[in-house]
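Undergrad: model the structure of this input:
(chains A and B)
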Amino acid sequence: MAAHLKKRVYEEFTKVVQQQQEEITAKKLRLTKPSKSAALHIDLCKATSPADALQYLLQFARKPVEAESVEGVVRILLEHYYKENDPSVRLKIASLLGLLSKTAGFSPDCIMDDAINILQNEKSHQVLAQLLDTLLAIGTKLPDNQAIQMRLVDVACKHLADTSHGVRNKCLQLLGNLGSLEKTATKDSDSTAVRDVQKIIGDYFSDQDPRVRTAAIKAMLQLHERGLKLHQTIYNQACKLLSDDYEQVRSAAVQLIWVVSQLYPESIVPIPSSNEEIRLVDDAFGKICHMVSDGSWVVRVQAAKLLGSMEQVSSHFLEQTLDKKLMSDLRRKRTAHERAKELYSSGEFSSGRKWGDDAPKEEVDTGAVNLIESGACGAFVHGLEDEMYEVRIAAVEALCMLAQSSPAFAEKCLDFLVDMFNDEIEEVRLQSIHTMRKISNNITLREDQLDTVLAVLEDSSRDIREALHELLCCTNVSTKEGIHLALVELLKNLAKYPTDRDSIWKCLKFLGSRHPTLVLPLVPELLSTHPFFDTAEPDMDDPAYIAVLVLIFNAAKTCPTMPALFSDHTFRHYAYLRDSLSHLVPALRLPGRKLVSSSVSPNITLPEDPSHQFLQQSLERVYSLQHLDPQGTQELLEFTIRDLQRLGELQSELAGVADFSATYLRCQLLLIKALQEKLWHVAAPLYLKQSDLASAAAKQILEETYKMEFMYSGVENKQVVIIHHMRLQAKALQLIVTARTARGVDPLFGMCERFLQEVDFFQRCFITDLPHLQDSFVDKLLDLMPRLMTSKPAEVVKILQTMLRQSTFLHLPLPEQIHKASATIIEPAGESDNPLRFTSGLVVALDVDATLDHVQDPQSTVKVQVLYPDGQAQMIHPKPADFRNPGPGRHRLITQVYLSHTAWTEPCQVEVRLLLAYNSNSRIPKSPWIEGGEISSQVETGIEGTIPFSKSVKVYIMPKPARR
Amino acid sequence: MGEGEGLAAPQPALPAGAGQDVGRSCILVSIAGKNVMLDCGMHMGFNDDRRFPDFSYITRNGRLTDFLDCVIISHFHLDHCGALPYFSEMVGYDGPIYMTHPTQAICPILLEDYRKVAVDKKGEANFFTSQMIKDCMKKVVAVHLHQTVQVDDELEIKAYYAGHVLGAAMFQIRVGAESVVYTGDYNMTPDRHLGAAWIDKCRPNLLITESTYATTIRDSKRCRERDFLKKVHETVERGGKVLIPVFALGRAQELCILLETFWERMNLKAPIYFSTGLTEKANHYYKLFITWTNQKIRKTFVQRNMFEFKHIKAFDRAFADNPGPMVVFATPGMLHAGQSLQIFRKWAGNEKNMVIMPGYCVQGTVGHKILSGQRKLEMEGRQLLEVKMQVEYMSFSAHADAKGIMQLVRQAEPESVLLVHGEAKKMEFLKQKIEQEFRVTCYMPANGETVTLPTSPCIPVGISLGLLKREMVQGLLPDAKKPRLLHGTLIMKDSNFRLVSSEQALKELGLAEHQLRFTCRVHLHDTRKEQETAMRVYSHLKSVLKDHCVQHLPDGSVTVESILIQAAAHSEDPGTKVLLVSWTYQDEELGSYLTALLKKGVPQAPSGGS
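TA: Here you go, the predicted structure:
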């Protein structure tokens, strides 16, 4: 034993040494760029044991191989393969072959013969499976080569009889991916060439190994995905698999049945044990419904999901899914839903207290009750009641999709959806609310349903409440009591959760404009007006009162008789609200008043051509000037910038473009201004202090370029080049200014070198765009590059200075769609006078709620900054889960920020704002020849920074000293 | 080799037991020579000897320990475990008792409570003592879900999740290839605190299932929950008191969670009380056995354990007379004794109040009486109680309904089903349905009745690898699941079976091989010479049997595979040739085919004319 251990120690020791050697040689080889195959060959020859060889192969696999040397590497590998006795090494080689054949730009048909060849002599099942996988990779690489495909299919068929499930799996996978699309592709050749792939795969539906059965079904699905039309005969085979013992088989079988049902929806299939026949899609629907009560939840989820996309199913089958024949002691019983509906139609409002209310009625014929094989019966009832919330969500989604395509079904499933509002899992509740919103066009809520819906308004989850508000925005309510109920509940909600204010107002706006006739009879009550007496004027700042007014004014828009019911102060309040909350209060045609607002609205509807034209023209005007006198250029730029800013304010859809170009022009303006400084004419030692402006300009340009690059969504590569070019100019400026102010040469030397590296980097990154930069600063710079490299810093600075002055103004092409990222902090509102008190040293949680517009990837870029009065700044990274995505381009950040500080004597304000973090490397296009890791070693380590993009909000806090 | 399984409930004369009644579960199964007792329950409706099963039925002479291999308790309800201390300590049983961990934890609490009621309150003598409960619990072996427990060399049991109450389990009992599944009580629809019962496709020989709700298909639980909350809410708003009689454990916790979340959501202030004592202890266990609860509670317990109630407080007897609305959960659930009955008597006179019966009530209890509409009750001491309060029945019982039972049968795919724990006439319906839809036999024995059912056990036979491989070559996959003919020799030796090739069998047994040949003469009308006849036969066979090896040997005979055909002249008639066909018995199939073929005659060869 000891001897053995010793041996192992030595083995390991020697291995380490070898690895080191290998690394050294590898490095040398790469520097001189010989082919990789040579290195690999050397390694493999050196390997003394299979373990060694495996190590080398593993190391080799870590680095990519260029397309031109793949072939050589493959030869080496194959050569070694023939010699190798150890299956694990052969396995690795086989997998490497597969990887290599995937290399872009390499055509793997040359190694196919060898691969097939070694396949025939291979004994190990695992290696066989791996080789088949390699063949699959080769085959998928050459989709057009029919002959190869046929050959591979033949190989697969030959190995289908293998005893190992892994090999059979791979064969089926190969068949699924490569099986010829046309059965009669080669008619002239003999019968063996024309294989019916579907038949072959179908035979393996009854394989003894469940993994192979699954693979067979998956292969069949793969055939379908590739556009091969599956035979209808498969349907029956697949139906048998539904009762398989293994869940993955059942799960795949459900999918297959679904596929077939979509292919042959109208075919007629017989019902077993009877003479009747039904459409295939109905039969499949029944079968999948049956799987909703399967033993495995994976299958249940699968089945419930697929139900949603079976739209061709007959309506009576569809309606069965919501039907569950109730009985009690063999007597037919009505469901609670039916009872509620009956109560409602009979005019009685509520009940549930009468004994025997739900007493079973008529006797059930024992023979007629079908307890289980009733097809679609009650599938959704089961699905919605499932133990796993995944199944429930899938069922709700399916309900949604089916209801969208069938209004009758939508009406029927309403009761069930409303029930789901009380689910114990929030996600399910949310999903069902969203679903309801999606189908709201097809439905009208009954009062008892509305009652249940509104009860959810008290939910403590903000998401749920907001989703519900959105739902109420687009629901149809049938009675005025319903509207009243909704309003009362919404006001209750407002009182309980004041933060919901905006969302509730918006909700009432739509509720009012949808139901003007229902609101009309409620107006006197809502405004508490009295026919004879004047009532007290309500408080204008009360959010609840504003809510009521929003409802009424929006209803009054389409109901001209309503304003007659208003009292004087209502009109006054209208005028106030129309001004302060114009997005919520529409323009009304009031008696004795002109419709003021009508002049504004048509403006928006006009085509946006003139303003767009204006933008184009003003920009062209700027770009056309090249050699105007400096004074004139400056003025023109200033005017244009002003114009653009104003345009951006007026036209929200052009704001992004206008701001973007204005920023660019401002950079240019700053550059021109800096170069206009008198300082350049004065001898160096004299203007130490005056150089402030130039260096400040350089700094500001840098900042602005980062803003341009990272704050706008939709910036393309051609803009990035220009932005980087501008940044380069700013850096040059910085260098010149430093050169003139700094004493001594040493710091300058470093700066110079860094600048030159940056130029080099610029050239490498944007090599493809360089032709567009004719005559620019960089163009000239690159021309002089060899000279600059050898010159002294002082000389470099001099050259730069002249070039900077001579350089022309580059035209910034405008991108198609550009939007500026912006953020608004809704909460904290910054209005509170009550300081947030907490014990110093402990933390206090501050709720932050903000909306973000046009922020790409907010999860990684958006940060919250807290600035304390002592200048201390704190950056908080919100959790990815704190971001919600309510719509395209919009995000919502709801998070908690923890504040802490040492004790203060009196309360003070901290500032909270949002920052956009960036990394200057992120936008740079990666050229394929730059191998990973090389960039970072250079100067170009990404400059990371942040851009504030929201107004800061002040929060009053007071850390108290801890009491002892 | 067919072993029988039997079911027996003690004392056939009693209208109680596991058979066609709900009350006292106690089932005896003997499977492949092993005897297992499933559950050991008591009856709530009796206060005398009849409440316990009569264990003398099991074995008249000899000790129970010798007769029973193990006892399995499905869950902690008293009608499933109430007689356990009596059985193990007073009657005397020392073998193992299996139950799940939560059952093991909660069961003694309930037993102790039951003992207190019986002995301290009613002053009964000859009842089991606290010490007996403790001793009894020492014999318990706790099992985990899906853990296969080897009771002895042959008998193994495995527990499956059953819903119903915390720790309820279904048990699979297996001896060799034979198996029985006993469901205990189970629930196929998940509720607010427990998940749904689940079993894999274990294909037992017999499935013993409860059938409490054999003729009911229940409405969605959401409607039930909403109804319940609405009723409670309305009564409380009216200022009435709500009494919910529950068993201390099980439904009570579900309803508590329901009310607790509702109270929180609606911000209600009326107090909710829960009768003290064992409940607090039990709630403690609910907090502990989170893994046995449903998905929601399991996932959220890190933030807040759902069983730590905020709105629900402990009840004191004095609270019952407090004015104003309140909700009280009180035990026991069928209003037959204890606190719930006391409160009921106090509140019954006021029509503002309400009693909600959330579960099943056994005949003879007050609960059953008021549910069936009785308004005047005769209480102890001959006093008459008029019931003015509203009586509601909410089916919150956690038993599977007819659909659920069918679903479980479908999941388990048993060979036969046996219905217990239900009423006879309801079982009749379910029995008919099961037989009709699954085409399996279904039994519904009465108390004390024994059912014996034959099984067709499978006998494992070892096969030599060489033989298997040889046979595999002939018929290829993937028809592996279909039965196939296989030639081999079955050797039965030392109670194990082996299938080997005949050569090996001969070698092992030291026997010489005997060849068995069949020969057959076929007369053929042919005037030519023997050689030519043989030639004709050869060319004919060559054309007919394309995939067989047909050879013409130099000595003039023809061979097809190993079958020899020789032609000879007929001794009497020179115009007739006799073909001698000879084959070994292994080639019987081909040989008889050849003979039949030759008997039809050989066609005149076009080339063979001289």
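Undergrad: what's the neighbour count on A:Leu135?
TA: Here the count is done by other Cβ atoms under 10 Å in any protein chain shown, and A:Leu135 has 29 residues near it. Where you see a C-beta, it was placed from the backbone N, CA and C, and this is true even at glycine.
Undergrad: wouldn't B:Val140 be in contact with B:Thr100 here?
TA: No. With contact defined as Cβ atoms under 8 Å, B:Val140 does not count as touching B:Thr100 (10.1 Å).
Undergrad: quick one: B:Arg51 and B:Met42 touch, right?
TA: Yes. Counting by Cβ under 8 Å, a contact exists between B:Arg51 and B:Met42, whose distance comes to 4.9 Å.
Undergrad: compare those two (neighbour count), which wins?
TA: B:Met42 (26 against 20).
Undergrad: how about the nearest residue to that one, chain neighbours excluded?
TA: Closest residue to B:Met42 in three dimensions, ignoring its sequence neighbours and counting by Cβ to Cβ, 6 or more residues apart in numbering or on different chains: B:Gly82, at 3.2 Å.
Undergrad: tell me the contacts of the one you found?
TA: B:24, B:40-42, B:51-52, B:110-111, B:114 (Cβ atoms under 8 Å, 6 or more residues apart in numbering or on different chains).
Undergrad: rewinding a little: quickly list what's touching both of B:Arg51 and B:Met42.
TA: Shared contacts of B:Arg51 and B:Met42, counting by Cβ under 8 Å, 6+ apart, come down to B:24, B:82-83.
Undergrad: so what's A:Ala408 up against?
TA: A:315, A:319.
Undergrad: secondary structure element for it?
TA: Element membership for A:Ala408 (DSSP states H and E) is helix A:407-420.
Undergrad: skip ahead from that helix and say which helix or strand is next.
TA: Per DSSP H and E, the first helix or strand lying C-terminal to helix A:407-420 is helix A:426-438.
Undergrad: could you report the pLDDT at the closest residue to chain A within chain B?
TA: Closest contact between chain B and chain A, by Cβ to the nearest Cβ, is at B:Cys223 (3.5 Å). On pLDDT, B:Cys223 comes in at 76.
Undergrad: B:Ile343 too?
TA: 90.
Undergrad: next one: A:Arg353
TA: With respect to pLDDT, A:Arg353 has a value of 35.
Undergrad: so which of the contacts of B:Gly82 belong to helices?
TA: B:110-111, B:114 (DSSP state H).
Undergrad: most neighbours among those, please name it.
TA: Busiest of the ones in helices among the contacts of B:Gly82 [other Cβ under 10 Å] is B:Leu111, holding 26 neighbours.
Undergrad: can you tell me which helix or strand of the chain has the lowest average pLDDT?
TA: Went with chain A since none was named. Least confident helix or strand, chain A: helix A:934-937 with a mean of 38, by mean pLDDT, DSSP states H and E.
Undergrad: other chain: chain B
TA: Least confident helix or strand of chain B, by mean pLDDT, DSSP H and E, is helix B:465-474 with a mean of 74.
Undergrad: pairing partners for whatever helix or strand comes next after that one, with directions?
TA: Downstream of helix B:465-474, the next assigned helix or strand under DSSP H and E is strand B:489-493. Looking at strand B:489-493 with DSSP bridges, its partner strands are strand B:496-500 (antiparallel).
Undergrad: in the strand it pairs with, what's buried?
TA: Buried positions in strand B:496-500, judged by neighbour count with 16 or more other Cβ atoms under 10 Å in any protein chain shown: B:498-500.
Undergrad: who touches stretch A:221-229?
TA: Residues outside stretch A:221-229 that contact it (Cβ under 8 Å, 6+ apart) are A:173, A:176-177, A:179, A:181, A:197-198, A:201, A:230, A:252, A:255-256, A:259, A:263.
Undergrad: so which of the residues you listed wins on neighbours?
TA: Neighbour counts for these (other Cβ under 10 Å) peak at A:Gly179, which has 27 neighbours.
Undergrad: could you list every residue that touches the closest residue in space to that residue that isn't next to it in sequence?
TA: Leaving aside its sequence neighbours, A:Gly179 sits nearest to A:Val197 (Cβ to Cβ, 6+ apart; 3.3 Å). Neighbouring residues of A:Val197 by Cβ under 8 Å, 6+ apart: A:153, A:175, A:179-180, A:183, A:223, A:228.
Undergrad: that older thread, I figured the residue of chain B closest to chain A hits A:Asp419, correct?
TA: Yes. With contact defined as Cβ under 8 Å, B:Cys223 reaches A:Asp419; the gap is 6.9 Å.
Undergrad: pick out whichever of these two has more residues nearby.
TA: The neighbour comparison of B:Cys223 against A:Asp419 (other Cβ under 10 Å) goes to A:Asp419, with 22 against 19.
Undergrad: can you give me the pLDDT of the more buried one?
TA: Reported pLDDT for A:Asp419: 85.
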